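> Curious how this folds, go ahead:
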Amino acid sequence: MIAGLSPKRRDPRLLRRLAADSSGVSFIELALVLPVLLTLGLYGTEVAYMAMTNMQVGEIATSVADNASRLGQTDNSSVSPTVKESQVDSVMWGALKEGSSFDFETNGRVILSSLEVDPDSGVQFIHWQRCRGKLDRVSSYGKQGEGKTGKILDGMGAEDHKIRAVPNSAVMFVEVYYHYQPLFGTMFIEDQVFKHEAAYLIRDDRSLNPAGSPYGITGSGSQSPCT
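Numbering: from 1, shown residues only. A predicted model of the protein is given here:
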């Protein structure tokens, strides 16, 4: 009822004008579709950010394996270079730096393993292993020494295409984990952990068993222990 007018005194012309008035239609339509548009926009933003982060995690795995494969290179052809703890720490620190935009150090874990062939028994084994990042994850293939101790190690990687080292060489095998931190909580994306793997054969001759270094790395004071 219009205030001040009884039903008998309503102006028919006013009622017709109100019925024909469409000036608020757009506002009403916007109010109806805005929640849908907002939800789709937020969901699209979340998916795009997740895809970008997942790609960057994969790039960390590739870059660590690539950089580790170049360690110990030298121009002195008469000396086989060794790998130093400080060099490995530099590679691992680079992974944390590469993932700093999405706080990889706090929510991620990079595991670098040197897959080799034991010269005495001929078995595949993890000669040394280094880790960085605070996420609680261990290698899917075992810890340092796996293959010579513990279970038999038939290479590393997916079952249908295992990666194996060849005698007198090594494969730098990297596993990277990242606990995804969504932009909007669990509104659109369930809690999940990304995992990527990468492997590179060492580029040049490398002394895999330097004197006095049973685990294949010289130096001390590693900042990247897998403990």
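> just the helices in the protein please.
12-20, 25-69, 85-98, 104-107 (DSSP state H).
> Which other helices and strands does the last one contact?
Which is helix 104-107. helix 85-98, strand 170-179 (3 or more C-beta pairs under 8 Å, 6 or more residues apart in numbering; DSSP states H and E). In short, each C-beta sits where N, CA and C put it, glycine included.
> repeat that with 10 Å
Applying 3 or more C-beta pairs under 10 Å, 6 or more residues apart in numbering; DSSP states H and E, we find helix 104-107 packed against helix 25-69, helix 85-98, strand 170-179.
> Mean pLDDT and mean neighbour count added to those, as JSON lines?
Output for the helices and strands packed on helix 104-107, formatted as JSON lines (pLDDT from 0 to 100; neighbours: other C-beta atoms under 10 Å):
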{"stretch": "helix 25-69", "mean pLDDT": "92", "mean neighbour count": "14"}
{"stretch": "helix 85-98", "mean pLDDT": "97", "mean neighbour count": "18"}
{"stretch": "strand 170-179", "mean pLDDT": "98", "mean neighbour count": "24"}
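> Could you work out which of the ones you listed reaches nearest to residue 219?
helix 85-98 (3.9 Å; C-beta to C-beta).
> quick one, the closest one and strand 170-179 angle?
40 degrees (axes from the mean of the first three to the mean of the last three C-alpha atoms, to 10 degrees).
> any idea how far residue 86 lies from residue 45?
41 Å (C-beta to C-beta, to the nearest Å).
> can you check residue 70 too?
In terms of C-beta to C-beta, residue 70 sits 38 Å off from residue 45.
> center of the chain, which residue is that?
Taking C-alpha atoms, centre = their mean, the centroid of the chain lies closest to residue 57, which sits 3.0 Å from it.
> quick one: that residue and residue 196 touch, right?
Yes: Residue 57 is in contact with residue 196 according to C-beta atoms under 10 Å; the separation is 5.5 Å.
> Can you pull the residues that touch both of the two?
110, 176, 177, 178 (C-beta atoms under 10 Å, 6 or more residues apart in numbering).
> Which residue, other than its chain neighbours, is closest to the second one?
Using C-beta to C-beta, 6 or more residues apart in numbering and skipping the chain neighbours, the partner closest in space to residue 176 is residue 61 (4.2 Å).
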